[in-house]
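[1] Fold the following and give me the result.
(one chain, ligands or ions: 3)
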Amino acid sequence: MKTTISLSIPAELETESLVAVVLDHAEPTPTEKDKKPQLKVATTDPAVQSVAADLLASGEVAGKPFETNLLHNPALLKAKRLLLVSGGSAKKFSSYDLRRIAGAAVRALKPRGIRSFAFVAPASIPAEEAVRAIVEGAYVGNFDPDYYRSDRKDQKIDAITIVASGDKTALERAASEAQVIGESQNFTRDLVNEPSNRMTPTILAERAKKMSAEVGLKCEVYGAEKIKELKMGAFWSVAQGSDEPPALIVMRYEPPGAPEKPVLGLVGKGITFDTGGISIKPADGMEKMKYDMAGGATMIGAMRAIALLKPKVKVIGIVCATENMPSGKAQKPGDVQIAMSGKSIEIINTDAEGRLVLADGLYYARQLGCTHLVDAATLTGAVVVALGYNNAGIFANDDDMYNRFHSANAKAGEKMWRMPLDDEYKEHIRSSIADIVNSGGRWGGAITAAMFLKEFAEDTPWIHLDIAGTAWTEEQKPWIAKGPSGIALRSLVEFVKSFAG
Ligand code: BES
Ligand code: MN
Ligand code: ZN
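    Numbering: from 1, shown residues only. Ligands and ions are numbered 1, 2, ... in the order given. Got it, this is the predicted structure:
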């Protein structure tokens, strides 16, 4: 998608469609019942205001978020159409909402055969922030997952103009950075969308290699021999059950002029299919477990964005990719495995495999010199019970690390919520035969899974993102298709940038 910044007056733009945001300026009332919306187009251009005036005064528009109205051949405008997208309350309107409104505009226009449009940035949001939000949101809206449908239309917006005012060079820089992030997020979504027969660990590794060559990252891929040689007993215990060879993917970003430290480690769970293993999952819904490599795909996409945005900080991306299968070679409940760190693990449930591969991934990252760690994983069903589909879970062993991630997260406009990680939870992962068990049981399952990982991050500042409920959008939304969401990539990139000053 081509992105252009325009400083001209919206009315002067010749475009397939002008898009403007409608905001409700009515003050909240105690009952909200007698509240009449006071709708205004968020633009200083009187021509756009005037074109929308009759419609907004008619009472036909409620101004609820994502409501759309399309006007053809609007008098006073050079645009062929004017699309009005409501953004709800003017008071509450933020770049988080704007991102989604931009996605909704894309999703409203592309099925009409429209391939380019101009979006009027609302003046209430600082211009650079608005440009980023609009471009990122437009990319999110432009992705559709129906790859294998014979009637796939593959309709896409090819070009977007953002109409804003300010320093053009700065706005153009914001747009091109947002473009890198949007493309990388969709690259991740592409990987996650593929079913397991088309996204084996080997294929995932090939995609990482190809991407790395394109953007100038070093990328090494190791197989079963190296995993065993490194004594990654936890990773191997999952991989041993599958006929598909596992892959340990290591991507390095070492920009010239970056300080020796910090070295950031991004570790992703790359289970290309999770049957549960011998502790097999029920058939109902098992097809969804093709997205169990979303954490890994997020790290590959984040490394792509980082390589293109070039912050001056070293980053290593690690993905532990394997299937989790039942077979004659598969590990069994009760087995004891020795992780790369030397810790012994009693396997209670072979379906708690994500933490096993990440245990070795996190430890290996530290061996490679990482001073700060972030992992992302579709780790537990329990995080969905705790937070639903709207927030990812964040766990941290260090408050400074959390605070830094939290600011990055807010900037990126992704919803995440911090979960506790007190030492008291550790008793749930005690074993009578080994150092720890791999399953803490039902209660607080997202927390006990994180406690398990903490054993391998040890004293290295570390963040764990449980994206099981957020990596896959369960239903069609105005701003995003049902399917892979690409959650966490934007926050990760902001987080990495925060180390580069
Ligand atoms: N991949 C699953 C978690 C998951 C569940 C991801 C739903 C996406 C949606 C993970 O490997 C798993 O099976 N976790 C178990 C852990 C349990 C056995 C301790 C779970 O959550 O049930
Ligand atoms: Mn599992
Ligand atoms: Zn899993």
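
[2] For the stretch 401-501 of the chain, which residues are neighbours of ligand 1?
    Selection of the stretch 401-501 of the chain residues close to ligand 1 by CB under 6 Å from any ligand atom yields 439, 445, 468. The C-beta positions use only the backbone N, C-alpha and C, and glycine is treated the same way.

[3] ok so the first one is a helix residue?
    No - using DSSP: H, G, I helix; E, B strand; the rest coil, the assignment for S439 is coil, not a helix.

[4] just to revisit the earlier point, would you mind writing the ChimeraX command to select the buried ones in the residues of the stretch 401-501 of the chain next to ligand 1?
    Listed next is the ChimeraX selection for buried residues among those, using 16 or more other CB atoms under 10 Å:
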select :439,445,468
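
[5] and which of the residues of the stretch 401-501 of the chain next to ligand 1 is nearest to V384?
    For these, the residue nearest V384 by CB to CB is A468; the value is 5.6 Å.

[6] right, and that closest one touches L379 too?
    Yes - shown here, A468 and L379 form a contact pair, counting by CB atoms under 8 Å, at 5.9 Å.

[7] Rounded mean pLDDT for stretch 494-501, please.
    The average pLDDT within stretch 494-501 is 94.

[8] Kindly format the C-alpha coordinates of stretch 258-267 as PDB.
    What follows is stretch 258-267 as a C-alpha-only set of coordinates in PDB (Å, rounded to 0.1, in the frame of the first residue of the first chain):
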ATOM      1  CA  ALA A 258      25.100  -0.100  18.700                       C
ATOM      2  CA  PRO A 259      26.400  -0.400  22.200                       C
ATOM      3  CA  GLU A 260      27.600  -3.800  23.400                       C
ATOM      4  CA  LYS A 261      24.800  -3.800  25.900                       C
ATOM      5  CA  PRO A 262      21.900  -4.200  26.200                       C
ATOM      6  CA  VAL A 263      21.200  -7.200  24.000                       C
ATOM      7  CA  LEU A 264      17.400  -7.800  23.700                       C
ATOM      8  CA  GLY A 265      16.200 -11.300  23.300                       C
ATOM      9  CA  LEU A 266      12.800 -11.900  21.700                       C
ATOM     10  CA  VAL A 267      11.700 -15.500  22.200                       C
END
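
[9] Follow the chain on from the one helix or strand L55 maps to and name the next helix or strand.
    According to DSSP states H and E, L55 maps onto helix 46-57. Beyond helix 46-57 on the C-terminal side, the first helix or strand identified by DSSP H and E is strand 68-72.

[10] Check what pLDDT whatever residue of the chain ends up closest to ligand 3 gets.
    The minimum distance from the chain to ligand 3, using CB to the ion, falls at D274 (3.7 Å). At D274, the model reports a pLDDT of 99.

[11] any idea how far it is from ligand 2?
    4 Å (CB to the ion, to the nearest Å).

[12] Helix or strand: which one has P145?
    Element membership for P145, per DSSP H and E: none, as it lies in no helix or strand.

[13] Assess the claim that V135 and A178 are in contact.
    Yes - using CB under 8 Å, V135 is in contact with A178, at 3.6 Å.

[14] These two - which one has more neighbours?
    Set V135 next to A178 and count neighbours by other CB atoms under 10 Å: V135 wins out with 27 against 24.

[15] what's the offset of the longest helix that the chain contains from the middle of its chain?
    Counting by DSSP state H, the longest helix found in the chain is helix 168-193. Its chain's C-alpha centre and that of helix 168-193 lie 12 Å apart, by CA atoms, centre = their mean, to the nearest Å.

[16] and what of stretch 190-204?
    Taking CA atoms, centre = their mean, one finds stretch 190-204 lying 17 Å from the centre of the chain it belongs to.

[17] ok, which residues in the protein are in contact with ligand 2?
    274, 351, 353 (CB under 5 Å from the ion).

[18] what's the neighbour count on the last one?
    Applying other CB under 10 Å, we find 30 residues neighbouring E353.

[19] and if you look at the second one?
    Residue crowding around D351 was assessed by other CB under 10 Å; the count is 20.

[20] That one against I271, yeah?
    No - using CB under 8 Å, D351 is not in contact with I271, being 10.5 Å away.

[21] joint contacts of these two?
    Taking CB atoms under 8 Å, 6 or more residues apart in numbering as the criterion, D351 and I271 both touch N324.

[22] May I see the domains of this protein written out as residue ranges?
    For the chain, automatic domain parsing gives the domain ranges 2-165, 186-499.

[23] Please name the strands paired to the host helix or strand of H464 in the sheet, noting orientation.
    Using DSSP H and E, the element containing H464 is strand 462-466. Paired with strand 462-466 in the same sheet, following DSSP bridges, are strand 372-377 (parallel), strand 392-396 (antiparallel).

[24] related to what we said a few turns ago, so for the longest helix of the chain, what gets flagged as buried?
    Buried residues in helix 168-193 (16+ other CB under 10 Å): 171, 174-175, 177-193.

[25] From the contact counts, what lies against it?
    Counting contacts by 3 or more CB pairs under 8 Å, 6 or more residues apart in numbering; DSSP states H and E, helix 168-193 is packed against strand 2-6, helix 127-142, helix 201-215, helix 294-309, strand 483-484, helix 489-499.

[26] mind listing the helices for the stretch 301-450 of the chain?
    For the stretch 301-450 of the chain, applying DSSP state H, counting those that start in this stretch gives helices covering 354-367, 382-387, 399-412, 445-457.
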